[in-house]
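Chemist: Based on what follows, work out the 3D shape:
(one chain, ligands or ions: 1)
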Amino acid sequence: MAGTASNERGSWNSKLGFILAAAGSAVGLGNIWGFPTQVADNGGAAFLVIYLLCSFLIGFPVMVAELAIGRKSGKNPVGAFKALSSNKFFPLVGLWGVICGVMILSFYTVIAGWAFGYAFEEIFYAVGMDNVASWIADVGNGPKNAIVASLFMLATIKIITGGVSGGIEKATKTMMPLLIGILLIMIGYVMFQPGSAEGIREYLLPDFSKVNSDLIFSAMGQAFFSLSLGMGALITYGSYLNKKENIPQAAAFVTLADVGIAFLAGLLIIPAMYLAQANGVEIFVDGKLADSTTLVFTVLPELFHSMGSVGVVFGVTFFLLLSIAALTSTISLLEVPVSYAIDEHELPRPKAAWVIGLGILAVSLLIAFFPNLIGYFVTVFNNIGLPLGGFLICVFVAYVWKTDGALTEMEFGFAGIKQSMFSKIWPFFIYVVCPAAILFTLLQTLWSLITG
Ligand code: PFF
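Modeler: Numbering: from 1, shown residues only. Okay, the predicted model is just below:
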(Lines give C-alpha, C1' and ligand atoms only; values in the text may rest on other atoms or scores of the structure.)
Protein backbone atom coordinates (compact mmCIF):
# COMPACT_ATOMS: atom_id res chain seq x y z
CA MET A 1 0.00 0.00 0.00
CA ALA A 2 1.21 3.49 -0.69
CA GLY A 3 2.40 5.27 2.46
CA THR A 4 -0.46 6.32 4.65
CA ALA A 5 -0.86 9.92 5.65
CA SER A 6 0.53 9.41 9.13
CA ASN A 7 3.75 7.67 8.19
CA GLU A 8 4.33 10.04 5.26
CA ARG A 9 4.07 13.08 7.53
CA GLY A 10 7.25 12.80 9.61
CA SER A 11 8.43 15.01 12.47
CA TRP A 12 11.42 17.09 13.56
CA ASN A 13 14.36 15.25 15.08
CA SER A 14 15.40 17.94 17.54
CA LYS A 15 14.42 21.33 18.85
CA LEU A 16 17.39 22.97 17.15
CA GLY A 17 16.42 21.26 13.92
CA PHE A 18 12.93 22.73 14.14
CA ILE A 19 14.16 26.23 14.99
CA LEU A 20 16.67 26.21 12.16
CA ALA A 21 14.08 24.91 9.71
CA ALA A 22 11.49 27.49 10.76
CA ALA A 23 14.13 30.23 10.77
CA GLY A 24 15.21 28.90 7.38
CA SER A 25 11.66 29.35 6.14
CA ALA A 26 11.57 32.88 7.52
CA VAL A 27 15.02 33.93 6.36
CA GLY A 28 15.12 34.23 2.61
CA LEU A 29 14.79 36.67 -0.23
CA GLY A 30 12.42 38.66 2.00
CA ASN A 31 15.33 39.51 4.30
CA ILE A 32 18.16 40.00 1.87
CA TRP A 33 16.35 41.18 -1.26
CA GLY A 34 13.07 42.61 0.06
CA PHE A 35 13.99 44.25 3.35
CA PRO A 36 16.92 46.46 2.24
CA THR A 37 14.89 47.51 -0.80
CA GLN A 38 12.00 48.58 1.42
CA VAL A 39 14.39 50.44 3.75
CA ALA A 40 15.87 52.30 0.79
CA ASP A 41 12.44 53.12 -0.60
CA ASN A 42 10.75 54.07 2.67
CA GLY A 43 12.83 56.42 4.77
CA GLY A 44 15.85 54.42 6.00
CA ALA A 45 16.09 53.95 9.78
CA ALA A 46 12.49 55.07 10.36
CA PHE A 47 11.35 52.04 8.36
CA LEU A 48 13.71 49.80 10.33
CA VAL A 49 12.18 50.91 13.65
CA ILE A 50 8.57 50.43 12.51
CA TYR A 51 9.48 47.07 10.95
CA LEU A 52 10.96 45.87 14.25
CA LEU A 53 7.81 46.94 16.10
CA CYS A 54 5.58 45.15 13.55
CA SER A 55 7.66 41.96 13.75
CA PHE A 56 7.61 41.75 17.54
CA LEU A 57 4.18 43.19 18.33
CA ILE A 58 2.13 41.78 15.45
CA GLY A 59 4.21 39.02 13.80
CA PHE A 60 5.37 37.19 16.92
CA PRO A 61 1.86 36.70 18.45
CA VAL A 62 0.53 35.44 15.11
CA MET A 63 3.46 33.04 14.81
CA VAL A 64 2.66 31.60 18.25
CA ALA A 65 -0.97 31.16 17.10
CA GLU A 66 0.04 29.36 13.89
CA LEU A 67 2.43 27.00 15.69
CA ALA A 68 -0.20 26.18 18.33
CA ILE A 69 -2.82 25.40 15.67
CA GLY A 70 -0.32 23.20 13.83
CA ARG A 71 0.86 21.26 16.84
CA LYS A 72 -2.57 20.71 18.35
CA SER A 73 -4.05 19.41 15.09
CA GLY A 74 -0.96 17.68 13.69
CA LYS A 75 -2.24 18.65 10.24
CA ASN A 76 -1.76 20.81 7.15
CA PRO A 77 -3.57 24.20 7.10
CA VAL A 78 -6.84 22.80 5.67
CA GLY A 79 -6.91 19.72 7.92
CA ALA A 80 -5.91 21.79 10.94
CA PHE A 81 -8.99 24.03 10.79
CA LYS A 82 -11.19 20.98 10.17
CA ALA A 83 -9.69 19.22 13.20
CA LEU A 84 -10.12 22.11 15.62
CA SER A 85 -13.70 23.15 14.87
CA SER A 86 -16.77 22.12 12.94
CA ASN A 87 -16.98 25.57 11.36
CA LYS A 88 -17.17 25.12 7.57
CA PHE A 89 -15.57 28.46 6.65
CA PHE A 90 -12.12 28.10 8.20
CA PRO A 91 -10.91 25.13 6.13
CA LEU A 92 -11.37 27.52 3.19
CA VAL A 93 -9.00 29.91 4.93
CA GLY A 94 -6.51 27.04 5.06
CA LEU A 95 -7.09 26.38 1.37
CA TRP A 96 -6.47 30.06 0.60
CA GLY A 97 -3.15 29.68 2.46
CA VAL A 98 -2.25 26.66 0.31
CA ILE A 99 -3.08 28.66 -2.84
CA CYS A 100 -1.00 31.64 -1.65
CA GLY A 101 1.91 29.27 -0.98
CA VAL A 102 1.69 27.84 -4.50
CA MET A 103 1.50 31.27 -6.16
CA ILE A 104 4.24 32.84 -4.02
CA LEU A 105 6.49 29.89 -4.77
CA SER A 106 5.96 30.33 -8.51
CA PHE A 107 7.52 33.81 -8.60
CA TYR A 108 9.88 33.28 -5.68
CA THR A 109 11.61 30.57 -7.72
CA VAL A 110 12.28 33.05 -10.52
CA ILE A 111 13.86 35.62 -8.19
CA ALA A 112 15.83 32.86 -6.45
CA GLY A 113 17.00 31.85 -9.93
CA TRP A 114 18.31 35.38 -10.51
CA ALA A 115 20.35 35.11 -7.30
CA PHE A 116 21.67 31.70 -8.30
CA GLY A 117 22.54 32.95 -11.80
CA TYR A 118 24.54 35.81 -10.32
CA ALA A 119 26.95 33.36 -8.66
CA PHE A 120 27.94 32.34 -12.21
CA GLU A 121 27.85 35.91 -13.50
CA GLU A 122 30.57 36.75 -11.00
CA ILE A 123 32.77 33.95 -12.31
CA PHE A 124 32.31 34.84 -15.99
CA TYR A 125 32.96 38.49 -15.19
CA ALA A 126 36.16 37.59 -13.32
CA VAL A 127 37.57 35.56 -16.22
CA GLY A 128 36.80 38.34 -18.67
CA MET A 129 33.86 36.67 -20.44
CA ASP A 130 31.81 39.83 -20.17
CA ASN A 131 29.27 38.82 -22.82
CA VAL A 132 28.26 35.68 -20.97
CA ALA A 133 28.28 37.61 -17.69
CA SER A 134 25.85 40.19 -19.04
CA TRP A 135 23.66 37.48 -20.60
CA ILE A 136 23.27 35.95 -17.13
CA ALA A 137 22.89 39.33 -15.40
CA ASP A 138 19.93 40.27 -17.60
CA VAL A 139 16.90 39.69 -15.36
CA GLY A 140 14.61 39.98 -18.40
CA ASN A 141 16.39 37.11 -20.21
CA GLY A 142 13.57 34.52 -20.54
CA PRO A 143 15.54 31.39 -21.52
CA LYS A 144 18.16 32.02 -18.83
CA ASN A 145 15.45 32.71 -16.22
CA ALA A 146 13.71 29.48 -17.22
CA ILE A 147 16.89 27.39 -16.84
CA VAL A 148 17.86 28.73 -13.41
CA ALA A 149 14.28 28.69 -12.08
CA SER A 150 13.93 25.04 -13.18
CA LEU A 151 17.19 24.06 -11.47
CA PHE A 152 15.94 25.77 -8.36
CA MET A 153 12.59 24.04 -8.37
CA LEU A 154 14.20 20.64 -8.95
CA ALA A 155 16.45 21.16 -5.92
CA THR A 156 13.40 22.13 -3.84
CA ILE A 157 11.44 19.06 -4.94
CA LYS A 158 14.41 16.78 -4.24
CA ILE A 159 14.72 18.04 -0.64
CA ILE A 160 10.97 17.76 -0.02
CA THR A 161 10.92 14.14 -1.25
CA GLY A 162 13.55 13.48 1.47
CA GLY A 163 10.94 14.24 4.14
CA VAL A 164 10.89 16.39 7.25
CA SER A 165 13.94 15.38 9.27
CA GLY A 166 16.05 13.76 6.53
CA GLY A 167 15.39 16.47 3.94
CA ILE A 168 14.30 19.81 5.37
CA GLU A 169 16.00 19.63 8.77
CA LYS A 170 19.32 18.29 7.51
CA ALA A 171 19.57 20.83 4.70
CA THR A 172 18.86 23.89 6.85
CA LYS A 173 21.11 22.92 9.77
CA THR A 174 24.30 23.44 7.79
CA MET A 175 23.18 26.28 5.56
CA MET A 176 21.96 28.81 8.12
CA PRO A 177 25.20 29.24 10.14
CA LEU A 178 27.17 29.59 6.91
CA LEU A 179 24.92 32.41 5.78
CA ILE A 180 25.39 34.39 8.99
CA GLY A 181 29.19 33.97 8.80
CA ILE A 182 29.49 35.36 5.28
CA LEU A 183 27.15 38.27 6.01
CA LEU A 184 29.30 39.31 8.97
CA ILE A 185 32.54 39.16 6.99
CA MET A 186 31.08 41.26 4.21
CA ILE A 187 29.67 43.85 6.60
CA GLY A 188 33.17 44.13 8.10
CA TYR A 189 34.57 44.84 4.63
CA VAL A 190 31.93 47.41 3.68
CA MET A 191 32.23 49.32 6.98
CA PHE A 192 35.83 50.18 6.22
CA GLN A 193 35.21 51.51 2.73
CA PRO A 194 35.41 55.27 2.40
CA GLY A 195 31.92 56.58 1.68
CA SER A 196 29.99 53.90 3.56
CA ALA A 197 29.37 56.24 6.53
CA GLU A 198 26.50 58.02 4.78
CA GLY A 199 24.72 54.71 4.26
CA ILE A 200 25.28 53.64 7.85
CA ARG A 201 23.85 56.96 9.06
CA GLU A 202 20.84 56.63 6.78
CA TYR A 203 20.24 53.11 8.08
CA LEU A 204 20.74 53.68 11.80
CA LEU A 205 19.65 57.24 12.59
CA PRO A 206 15.87 57.44 12.31
CA ASP A 207 14.17 60.55 11.00
CA PHE A 208 10.65 60.03 12.35
CA SER A 209 9.24 62.81 10.21
CA LYS A 210 9.41 60.19 7.43
CA VAL A 211 6.87 57.94 9.16
CA ASN A 212 3.52 57.97 7.38
CA SER A 213 0.72 55.47 6.90
CA ASP A 214 2.29 54.04 3.71
CA LEU A 215 5.51 53.35 5.56
CA ILE A 216 3.69 51.60 8.41
CA PHE A 217 1.67 49.43 6.04
CA SER A 218 4.74 48.51 3.99
CA ALA A 219 6.57 47.57 7.20
CA MET A 220 3.67 45.38 8.28
CA GLY A 221 3.50 43.59 4.91
CA GLN A 222 7.26 43.09 4.95
CA ALA A 223 7.16 41.65 8.49
CA PHE A 224 4.43 39.18 7.50
CA PHE A 225 6.20 37.99 4.38
CA SER A 226 9.54 37.80 6.11
CA LEU A 227 8.23 35.78 9.05
CA SER A 228 6.40 33.41 6.62
CA LEU A 229 3.07 34.22 8.27
CA GLY A 230 -0.51 34.18 7.08
CA MET A 231 -0.47 31.18 4.74
CA GLY A 232 -0.08 28.28 7.11
CA ALA A 233 3.62 27.54 6.56
CA LEU A 234 4.06 27.69 10.32
CA ILE A 235 0.87 25.70 10.93
CA THR A 236 2.50 23.03 8.77
CA TYR A 237 5.91 23.26 10.48
CA GLY A 238 4.15 23.34 13.88
CA SER A 239 2.37 20.10 12.99
CA TYR A 240 5.74 18.27 13.03
CA LEU A 241 6.67 19.77 16.41
CA ASN A 242 7.17 17.62 19.46
CA LYS A 243 4.90 18.17 22.50
CA LYS A 244 8.02 18.74 24.62
CA GLU A 245 8.80 22.03 22.91
CA ASN A 246 7.99 25.44 24.32
CA ILE A 247 6.03 27.18 21.54
CA PRO A 248 6.39 30.85 22.64
CA GLN A 249 10.10 30.36 23.16
CA ALA A 250 10.56 28.67 19.77
CA ALA A 251 8.58 31.48 18.09
CA ALA A 252 10.74 34.07 19.86
CA PHE A 253 13.92 32.43 18.56
CA VAL A 254 12.57 32.31 15.02
CA THR A 255 11.43 35.95 15.13
CA LEU A 256 14.80 37.06 16.50
CA ALA A 257 16.70 35.10 13.87
CA ASP A 258 14.59 36.53 11.07
CA VAL A 259 14.76 40.12 12.25
CA GLY A 260 18.47 39.74 13.06
CA ILE A 261 19.34 38.57 9.56
CA ALA A 262 17.21 41.27 7.95
CA PHE A 263 19.06 43.82 10.10
CA LEU A 264 22.44 42.43 9.01
CA ALA A 265 21.40 42.41 5.36
CA GLY A 266 20.47 46.08 5.66
CA LEU A 267 23.78 46.85 7.32
CA LEU A 268 25.50 45.37 4.29
CA ILE A 269 23.31 46.58 1.47
CA ILE A 270 22.36 50.15 2.46
CA PRO A 271 26.01 51.29 2.82
CA ALA A 272 26.87 49.27 -0.33
CA MET A 273 24.17 51.21 -2.14
CA TYR A 274 25.85 54.49 -1.30
CA LEU A 275 29.22 53.11 -2.39
CA ALA A 276 27.71 52.04 -5.71
CA GLN A 277 26.12 55.47 -6.12
CA ALA A 278 29.49 57.12 -5.50
CA ASN A 279 30.82 54.91 -8.32
CA GLY A 280 28.23 56.33 -10.70
CA VAL A 281 25.48 53.69 -10.47
CA GLU A 282 22.03 55.26 -10.67
CA ILE A 283 20.16 54.22 -7.51
CA PHE A 284 17.61 56.98 -6.95
CA VAL A 285 15.55 58.91 -9.48
CA ASP A 286 13.67 61.89 -8.01
CA GLY A 287 14.15 60.55 -4.49
CA LYS A 288 12.66 57.13 -5.36
CA LEU A 289 14.52 53.92 -6.11
CA ALA A 290 15.28 53.62 -9.82
CA ASP A 291 14.33 49.93 -9.88
CA SER A 292 13.12 48.35 -6.69
CA THR A 293 12.82 44.80 -8.06
CA THR A 294 16.46 44.57 -8.95
CA LEU A 295 18.18 46.94 -6.47
CA VAL A 296 20.16 44.20 -4.76
CA PHE A 297 21.23 42.72 -8.08
CA THR A 298 22.48 46.12 -9.25
CA VAL A 299 24.26 47.18 -6.10
CA LEU A 300 25.98 44.02 -4.96
CA PRO A 301 27.81 43.00 -8.14
CA GLU A 302 29.07 46.60 -8.30
CA LEU A 303 30.45 46.17 -4.79
CA PHE A 304 32.07 42.83 -5.61
CA HIS A 305 33.61 44.17 -8.80
CA SER A 306 35.16 47.04 -6.84
CA MET A 307 36.88 44.57 -4.50
CA GLY A 308 39.43 43.28 -7.01
CA SER A 309 40.28 39.60 -7.09
CA VAL A 310 38.83 38.76 -3.66
CA GLY A 311 35.57 40.22 -4.98
CA VAL A 312 34.94 37.14 -7.07
CA VAL A 313 35.25 34.86 -4.05
CA PHE A 314 32.90 37.07 -2.04
CA GLY A 315 30.52 37.44 -4.98
CA VAL A 316 30.22 33.74 -5.70
CA THR A 317 29.91 32.81 -2.03
CA PHE A 318 27.37 35.53 -1.33
CA PHE A 319 25.09 34.65 -4.21
CA LEU A 320 25.33 30.94 -3.43
CA LEU A 321 24.34 31.66 0.14
CA LEU A 322 21.51 33.92 -0.95
CA SER A 323 20.33 31.03 -3.12
CA ILE A 324 20.59 28.71 -0.14
CA ALA A 325 18.59 31.12 2.05
CA ALA A 326 16.00 31.19 -0.71
CA LEU A 327 16.06 27.38 -0.91
CA THR A 328 15.23 26.98 2.79
CA SER A 329 12.21 29.22 2.12
CA THR A 330 11.11 27.50 -1.10
CA ILE A 331 11.12 24.15 0.69
CA SER A 332 8.71 25.54 3.29
CA LEU A 333 6.54 27.02 0.55
CA LEU A 334 6.37 23.65 -1.24
CA GLU A 335 5.87 21.73 2.01
CA VAL A 336 2.51 23.47 2.56
CA PRO A 337 0.69 22.06 -0.52
CA VAL A 338 2.60 18.77 -0.22
CA SER A 339 1.46 18.24 3.38
CA TYR A 340 -2.07 19.09 2.24
CA ALA A 341 -1.90 16.45 -0.50
CA ILE A 342 -0.46 13.86 1.91
CA ASP A 343 -3.00 14.48 4.69
CA GLU A 344 -6.15 15.21 2.73
CA HIS A 345 -5.64 13.16 -0.44
CA GLU A 346 -3.39 10.40 0.93
CA LEU A 347 -0.76 10.89 -1.76
CA PRO A 348 2.67 9.40 -1.03
CA ARG A 349 5.20 12.18 -0.26
CA PRO A 350 7.46 11.76 -3.33
CA LYS A 351 4.52 11.72 -5.72
CA ALA A 352 2.95 14.77 -4.05
CA ALA A 353 6.26 16.65 -4.21
CA TRP A 354 6.87 15.89 -7.90
CA VAL A 355 3.33 16.50 -9.15
CA ILE A 356 2.82 19.75 -7.23
CA GLY A 357 6.40 20.98 -7.73
CA LEU A 358 6.29 20.47 -11.49
CA GLY A 359 2.84 22.07 -11.68
CA ILE A 360 4.18 25.17 -9.91
CA LEU A 361 7.21 25.15 -12.20
CA ALA A 362 4.86 25.56 -15.17
CA VAL A 363 3.67 28.88 -13.68
CA SER A 364 7.28 29.84 -12.87
CA LEU A 365 8.24 29.33 -16.52
CA LEU A 366 5.55 31.76 -17.59
CA ILE A 367 6.92 34.31 -15.10
CA ALA A 368 10.47 33.59 -16.29
CA PHE A 369 9.50 34.92 -19.72
CA PHE A 370 7.28 37.72 -18.40
CA PRO A 371 8.96 38.91 -15.17
CA ASN A 372 6.66 41.94 -15.06
CA LEU A 373 3.99 39.56 -13.79
CA ILE A 374 5.86 39.43 -10.45
CA GLY A 375 4.37 42.78 -9.39
CA TYR A 376 0.80 41.47 -9.82
CA PHE A 377 1.55 38.26 -7.94
CA VAL A 378 3.14 40.24 -5.09
CA THR A 379 0.08 42.49 -4.84
CA VAL A 380 -2.50 39.69 -4.76
CA PHE A 381 -0.76 36.92 -2.84
CA ASN A 382 1.70 38.79 -0.58
CA ASN A 383 0.19 42.16 0.05
CA ILE A 384 -3.42 40.99 0.23
CA GLY A 385 -3.22 37.21 0.66
CA LEU A 386 -0.90 37.02 3.67
CA PRO A 387 -2.50 39.75 5.84
CA LEU A 388 -5.94 38.33 4.99
CA GLY A 389 -4.78 34.88 6.13
CA GLY A 390 -3.14 36.35 9.25
CA PHE A 391 -6.28 38.28 10.15
CA LEU A 392 -8.49 35.20 9.81
CA ILE A 393 -6.04 33.06 11.80
CA CYS A 394 -6.33 35.59 14.68
CA VAL A 395 -10.13 35.55 14.39
CA PHE A 396 -10.11 31.75 14.48
CA VAL A 397 -7.90 31.50 17.56
CA ALA A 398 -9.68 34.32 19.40
CA TYR A 399 -13.30 33.58 18.63
CA VAL A 400 -13.61 29.97 17.41
CA TRP A 401 -10.91 27.84 19.00
CA LYS A 402 -10.50 30.43 21.83
CA THR A 403 -7.15 31.52 23.19
CA ASP A 404 -7.66 29.29 26.23
CA GLY A 405 -7.63 26.25 23.92
CA ALA A 406 -4.37 27.48 22.43
CA LEU A 407 -2.87 28.12 25.88
CA THR A 408 -3.85 24.60 26.96
CA GLU A 409 -1.95 23.24 23.95
CA MET A 410 1.02 25.41 24.86
CA GLU A 411 1.09 23.98 28.40
CA PHE A 412 2.94 21.07 26.79
CA GLY A 413 6.51 22.35 26.85
CA PHE A 414 5.63 25.40 29.01
CA ALA A 415 4.10 24.02 32.21
CA GLY A 416 3.18 27.22 34.06
CA ILE A 417 1.95 29.12 31.02
CA LYS A 418 -1.54 29.82 32.37
CA GLN A 419 -0.07 31.54 35.42
CA SER A 420 2.56 33.46 33.44
CA MET A 421 2.58 37.05 32.12
CA PHE A 422 2.42 35.56 28.63
CA SER A 423 -1.11 34.27 29.22
CA LYS A 424 -2.22 37.78 30.28
CA ILE A 425 -0.72 39.62 27.30
CA TRP A 426 -0.83 37.28 24.30
CA PRO A 427 -4.64 36.78 24.26
CA PHE A 428 -5.16 40.57 24.21
CA PHE A 429 -2.91 40.81 21.16
CA ILE A 430 -4.76 37.99 19.42
CA TYR A 431 -8.23 39.35 20.26
CA VAL A 432 -7.61 43.01 19.56
CA VAL A 433 -4.20 44.38 18.61
CA CYS A 434 -3.15 42.00 15.83
CA PRO A 435 -6.50 41.67 14.01
CA ALA A 436 -7.09 45.44 14.20
CA ALA A 437 -3.61 46.32 12.94
CA ILE A 438 -3.77 43.71 10.17
CA LEU A 439 -7.24 44.77 9.10
CA PHE A 440 -6.12 48.39 8.80
CA THR A 441 -3.18 47.32 6.65
CA LEU A 442 -5.42 45.29 4.44
CA LEU A 443 -8.01 48.02 4.00
CA GLN A 444 -5.30 50.57 3.26
CA THR A 445 -3.77 48.25 0.63
CA LEU A 446 -7.15 47.74 -1.01
CA TRP A 447 -7.91 51.46 -0.83
CA SER A 448 -4.66 52.43 -2.50
CA LEU A 449 -5.29 49.82 -5.22
CA ILE A 450 -8.74 51.25 -5.89
CA THR A 451 -7.66 54.87 -5.84
CA GLY A 452 -4.49 54.08 -7.81
N1 PFF B 1 9.86 34.30 4.63
C2 PFF B 1 10.38 34.12 3.31
C3 PFF B 1 11.34 35.23 2.98
O4 PFF B 1 11.50 36.15 3.79
O5 PFF B 1 11.93 35.20 1.91
C6 PFF B 1 9.28 34.02 2.27
C7 PFF B 1 8.18 33.09 2.64
C8 PFF B 1 8.47 31.74 2.88
C9 PFF B 1 6.89 33.56 2.79
C10 PFF B 1 7.46 30.88 3.29
C11 PFF B 1 5.87 32.72 3.18
C12 PFF B 1 6.19 31.38 3.43
F13 PFF B 1 5.25 30.57 3.80
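
Chemist: looking at it, residue 316 is touching residue 124, isn't it?
Modeler: No - between residue 316 and residue 124 there is no contact under CB atoms under 8 Å: 10.8 Å. Any C-beta I mention is one placed from the backbone N, CA and C, and that applies to glycine too.

Chemist: For the chain, what lies in contact range of the ligand?
Modeler: Contact residues, the chain versus the ligand (CB under 6 Å from any ligand atom): 25-26, 28-31, 101, 104, 225-226, 228, 231, 233, 329, 332-333.

Chemist: From the ligand, how far out is residue 16?
Modeler: Using CB to the nearest ligand atom, to the nearest Å, residue 16 is found at 19 Å from the ligand.

Chemist: Please identify the helix or strand for that residue.
Modeler: Assigned by DSSP states H and E, residue 16 belongs to helix 15-26.

Chemist: Tell me which residues of the helix or strand where residue 377 lies come out buried.
Modeler: Using DSSP H and E, the element containing residue 377 is helix 373-377. Within helix 373-377, the residues scored as buried using 16 or more other CB atoms under 10 Å are 373, 374, 377.

Chemist: Same list (those residues) but as a markdown table, adding pLDDT.
Modeler: Listed next are those as a markdown table, based on pLDDT from 0 to 100:
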| residue | pLDDT |
| --- | --- |
| 373 | 94 |
| 374 | 93 |
| 377 | 94 |
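
Chemist: From the residues you listed, pick the one nearest the ligand.
Modeler: Ranked by distance to the ligand (CB to the nearest ligand atom), the buried residues of helix 373-377 are led by residue 377 at 12.4 Å.

Chemist: Correct me if wrong: the closest one contacts residue 104.
Modeler: Yes - here residue 377 reaches residue 104: they are 7.4 Å apart, a contact under CB under 8 Å.

Chemist: Residue of this protein closest to the ligand, please.
Modeler: Counting by CB to the nearest ligand atom, the chain gets nearest the ligand through residue 30, at 2.1 Å.

Chemist: Tell me, what's the model's pLDDT at residue 400?
Modeler: Predicted confidence (pLDDT) at residue 400: the value is 96.

Chemist: Ok, residue 312 next?
Modeler: Residue 312 is assigned 88 on the pLDDT scale.

Chemist: residue contacts, the closest residue to it other than its chain neighbours?
Modeler: Leaving out its chain neighbours, the residue that sits closest to residue 312 by CB to CB, 6 or more residues apart in numbering is residue 126, at 3.9 Å. Going by CB atoms under 8 Å, 6 or more residues apart in numbering, residue 126 touches 309, 311, 312, 315.

Chemist: farthest-separated two in the residues of the chain next to the ligand?
Modeler: With distances taken as CB to CB, the most widely separated pair in the residues of the chain next to the ligand is 31 and 101, at 18.4 Å.

Chemist: and the angle for the helix or strand containing residue 315 with helix 15-26?
Modeler: For residue 315, the element it lies in under DSSP H and E is helix 309-345. On the basis of axes from the mean of the first three to the mean of the last three CA atoms, to 10 degrees, helix 309-345 is oriented at 100 degrees to helix 15-26.

Chemist: mean confidence score for the very next helix or strand once past helix 309-345?
Modeler: Following helix 309-345 in sequence order, the next helix or strand is helix 349-369 (DSSP H and E). Per-residue pLDDT over helix 349-369 has a mean of 97.

Chemist: Only the buried residues of helix 349-369, if you could.
Modeler: For helix 349-369, the buried set under the neighbour-count rule, 16+ other CB under 10 Å, comprises 349-354, 356-357, 360-361, 363-365, 367-368.

Chemist: Ok, stretch 419-427 next?
Modeler: Buried residues in stretch 419-427, counting neighbours by 16+ other CB under 10 Å, are found at 422, 423, 426, 427.

Chemist: Scan the contacts of residue 126 and report the most crowded one.
Modeler: residue 315 (23 neighbours; other CB atoms under 10 Å).

Chemist: Can you tell me which of the residues of the chain next to the ligand is nearest residue 210?
Modeler: Nearest to residue 210 out of the residues of the chain next to the ligand is residue 226 (CB to CB; 20.5 Å).

Chemist: quick one, phi psi at that closest one?
Modeler: phi -70, psi -40 (degrees, to the nearest 10).

Chemist: which residues touch the residue nearest to it when sequence neighbours are not counted?
Modeler: Spatial nearest neighbour of residue 226, chain neighbours left out: residue 30 (4.0 Å); criterion: CB to CB, 6+ apart. Counting by CB under 8 Å, 6+ apart, residue 30 touches 222, 225, 226, 262, 329.
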